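Asker: Quick one, what's the 3D model for this:
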Amino acid sequence: MISALSTKWQTTLSLLHTPEKMIQPGPCDLHIDPYLTQLDDSIPLLQVFVHHYHDGLLAPKGNAVHSCTVEGAFCAVGQMLAALGCPDPRLQPSGKLEFRSSRQLTAYSKQDLPPS
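Answerer: Numbering: from 1, shown residues only. Now for the predicted structure:
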């Protein structure tokens, strides 16, 4: 499922990217409810977002970013949905970060170069 969503993001980005102006795709471009309430499991979609943000495809300047920046963007998505009255898709009912997301973010932190 992640590869299918990734392919859809790539197709959307290739259609929207111009040298003069980069338009960031949104959930509506994928014909998905922007509040993620109609998905049984929104984690795979969020994992694709996190992956592309880490690689720089969705990062503001288009460059790869460190894991702490990815965590901040991921947190901002969850907090924005929570502020709109939707459940935070990042969290389990106990309030802990969902296992798959936690593992993905941990893997990115291990890939980061040590501070110099």
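Asker: Past the helix ranked longest in the chain, which element shows up next along the chain?
Answerer: With DSSP state H applied, the helix covering the greatest number of residues in the chain is identified as helix 67-83. Stepping forward along the backbone from helix 67-83, the first helix or strand reached (DSSP states H and E) is helix 99-111.
Asker: Please give the centre-to-centre distance between that following helix and its chain.
Answerer: The chain centroid and the centroid of helix 99-111 are separated by 13 Å, computed with Cα atoms, centre = their mean, to the nearest Å.
Asker: now what about that helix, what contacts it?
Answerer: For helix 99-111, contacts defined as Cβ atoms under 8 Å, 6 or more residues apart in numbering pick out 43, 46-47, 50-51, 54, 67-68, 70-71, 74, 90, 92, 96-97. Any C-beta I mention is one placed from the backbone N, CA and C, and that applies to glycine too.
Asker: returning to that earlier point: what residues of the longest helix of the chain count as buried?
Answerer: Applying a neighbour-count criterion of 16 or more other Cβ atoms under 10 Å, the buried positions in helix 67-83 are 67, 70-71, 73-74, 77-78, 81.
Asker: Y35: which element?
Answerer: In this structure, Y35 sits in neither a helix nor a strand according to DSSP H and E.
Asker: Just give the closest residue to it, not the sequence neighbours.
Answerer: Spatially, and ignoring its direct neighbours in sequence, Y35 is nearest to C86 (4.8 Å; Cβ to Cβ, 6 or more residues apart in numbering).
Asker: Work out for me the element the residue nearest to the spatial centre of the chain sits within.
Answerer: Nearest to the mean C-alpha position of the chain, counting by Cα atoms, centre = their mean, stands F49 at 2.4 Å. Using DSSP H and E, F49 sits in helix 43-55.
Asker: tell me what that helix is packed against?
Answerer: In this structure, helix 43-55 makes packing contacts with helix 2-16, helix 67-83, helix 99-111, judged by 3 or more Cβ pairs under 8 Å, 6 or more residues apart in numbering; DSSP states H and E.
Asker: Residues contacting the longest one, please?
Answerer: Put plainly, it is helix 67-83. Contacts of helix 67-83 from elsewhere in the structure, counted by Cβ under 8 Å, 6+ apart, are 35-36, 46, 49-50, 53-54, 59, 87-91, 101, 105, 108-109, 111-112.
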